[in-house]
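Novice: Prediction below, plus the sequence it came from.
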Amino acid sequence: LHSFPTRRSSICSSCGLFCSDILLCCTMPKVLAAFCLMAPTMAQQAGTVTPEESPHIAIQHCTAAGCQTEEASLVLDANWRWVHNADGYENCFDEKGWHPGYCPDPATCKQNCAVEGVTSAGYASTYGIHEEPGGVKLDFMTKGGNVGSRLYVTDGAESYKMFKLLNKEFTIDVDTSTLHCGMNGAAYFIEMDAKGGKGVDGNNAGAKFGTGYCDAQCP
C-alpha cells in the first residue's frame, strides 16, 4: 500500500497482494520488457537490532460454499527502514547520501549494510501504520516527520502473498471519509518475487524486510 492519506483498509479476496500504498503481489506473464524503478536501498543484509513485528490483517477467500479467513500481514517497504552498518549502529544512508566508507559501490554496500526490522510500536509511532480489526489505519504524516508509507501483503511468514487472479474477484474496503483534497492513496497489484529477491545477488533480507519492489511506468 502506498500511504499518502489517512485511511482504513481491509482486504477480502481469493488472491492476494498489498501497498499507503498497499501493494498486492501477483504472478503474470511478461509481455513487454519493463523498466524497473528499483528502490534505492542497496543494503541487503538482514538487521538483528530490532525485531520485525508486522501488523496482522485478515483476508477472506470466498467461494459458493462460504468464506474462509486467511491470516496475513503487512510489511513496510525497505525504502522506509533504518539502514546501518551490519556490525554496528552507524547510518549507511542519511540526508547527504550513502556513506562513502560502507558504500563506495553497490556490491560493497550490500555486504556492509543491513536493513532493520520495525516493532509494532514503531509501525504506529514512526510510520503512522495502526493495526485495527481486519485491517490498518494509515496516517499521512507522523509527529516525527515521516511522510507516507508503502506496504506489502505477506503470508505472515517470510514470503509475499501471491494472488492468483484468473477467473476470480478481488475486493477491498477503504474508508476515505477523512481524506483531504489533493491526497493520493493507492492499492494495486504488482509483479514481484515471492521471497523479495532473498538469496539472489547478495540479498539476505528478503520479503520479511520489504525488499524486491519493482515498478514500470510509461513516460
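Specialist: In hand now; what should we look at?
Novice: In three-state terms, label the nearest residue to Ala207 once chain neighbours are set aside for me.
Specialist: Nearest residue to Ala207, sequence neighbours excluded (Cβ to Cβ, 6 or more residues apart in numbering): Gly196, at 3.5 Å. (Glycine included, C-beta is placed from N, CA and C.) For Gly196, the assignment made with DSSP: H, G, I helix; E, B strand; the rest coil gives coil.
Novice: Run the chain-centre distance for stretch 76-89.
Specialist: 14 Å (Cα atoms, centre = their mean, to the nearest Å).
Novice: For that stretch, measure first residue to last.
Specialist: Stretch 76-89 stretches 20 Å from its first residue to its last (Cα to Cα, to the nearest Å).
Novice: do the same with stretch 134-153
Specialist: End-to-end distance of stretch 134-153: 13 Å, with Cα to Cα as the criterion.
Novice: residues in contact with Val75?
Specialist: Going by Cβ atoms under 8 Å, 6 or more residues apart in numbering, Val75 touches 52, 54, 151-152, 154, 207-210.
Novice: just Ala124 next, same as before
Specialist: With contacts defined as Cβ under 8 Å, 6+ apart, the neighbours of Ala124 are 130-131.
Novice: The helix or strand hosting it: which residues count as buried?
Specialist: Assigned by DSSP states H and E, Ala124 belongs to helix 120-125. Buried residues in helix 120-125, defined by neighbour count with 16 or more other Cβ atoms under 10 Å: 120, 122-124.
Novice: one step back: mind listing which of the contacts of Val75 are in strands?
Specialist: Mapping those onto strands (DSSP state E) picks out 151-152, 154.
Novice: Tell me the one of the residues you listed nearest Ala64?
Specialist: Using Cβ to Cβ, Thr154 comes nearest to Ala64 of the ones in strands among the contacts of Val75, at 28.1 Å.
Novice: That closest one and Tyr160: what is the separation?
Specialist: Distance of Thr154 to Tyr160, given as Cβ to Cβ, to the nearest Å: 5 Å.
Novice: Between the two, which contacts overlap?
Specialist: Jointly contacting Thr154 and Tyr160 under the rule Cβ under 8 Å, 6+ apart are Ala207.
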